[in-house]
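Engineer: the sequence and its predicted three-dimensional model are supplied below.
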Amino acid sequence: MARPQKKRCICSIPRVNAFTPQGCEADGTVSLTYDEYEVIRLLDYGQMTQEQCAKRMQISRPTVTRIYDEARSKMAEMLVRGRALTIGGGDVYVCPAMRPECEGEEHCCHRNKELSRGVKMKDKER
């Protein structure tokens, strides 16, 4: 019997959850899961190694490789075939608290909450 899938830790739910092609009618939809999005974000946008990404998401490095390969395949299909992209779903959880490795992380949901609280506090002081 197969081992149950381990939940993947992500820093936050993306603010944008869909993209559509311009200049033509979308030829179907490609769905990227939250963990696929997170792997793309950490490896390509965040310039992390697969080892660093695995540690951040609390999964194994081979799992990161499998997720990354699947995400790249879906993104290539979206670009080449002119398909819409949706982001959502997957067996994930958002990290429950700010972790030391998230210090300075632009997309950390906990950092964003602290920043928005700071803005609200400044507004109240006025």
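Structural biologist: Cool, the structure landed.
Engineer: show me where pLDDT drops low in the protein?
Structural biologist: The model of the chain has pLDDT under 70 over residues 98-126.
Engineer: just the strands from it, written as ranges.
Structural biologist: 8-10, 18-19, 29-32, 84-87, 92-94 (DSSP state E).
Engineer: quick one, what contacts Met57?
Structural biologist: By CB atoms under 8 Å, 6 or more residues apart in numbering, the residues touching Met57 are Arg8, Cys9, Ile10, Asp35, Glu38, Val39, Leu42, Val64. Just so you know, the C-beta spots here come from the backbone N, C-alpha and C atoms, and that holds for glycine as well.
Engineer: closest to Ala97 out of those?
Structural biologist: The closest of the contacts of Met57 to Ala97 turns out to be Cys9 (CB to CB; 11.3 Å).
Engineer: need the strands of the chain in a markdown table with distance to Ala76 and mean neighbour count, can you?
Structural biologist: As requested, the strands of the chain are exported to a markdown table (distance: least, CB to CB, whole Å; neighbours: other CB atoms under 10 Å):
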| stretch | distance to Ala76 | mean neighbour count |
| --- | --- | --- |
| strand 8-10 | 22 | 21 |
| strand 18-19 | 14 | 14 |
| strand 29-32 | 9 | 18 |
| strand 84-87 | 11 | 18 |
| strand 92-94 | 23 | 14 |
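Engineer: tell me which of these lies nearest to Cys53.
Structural biologist: strand 8-10 (10.5 Å).
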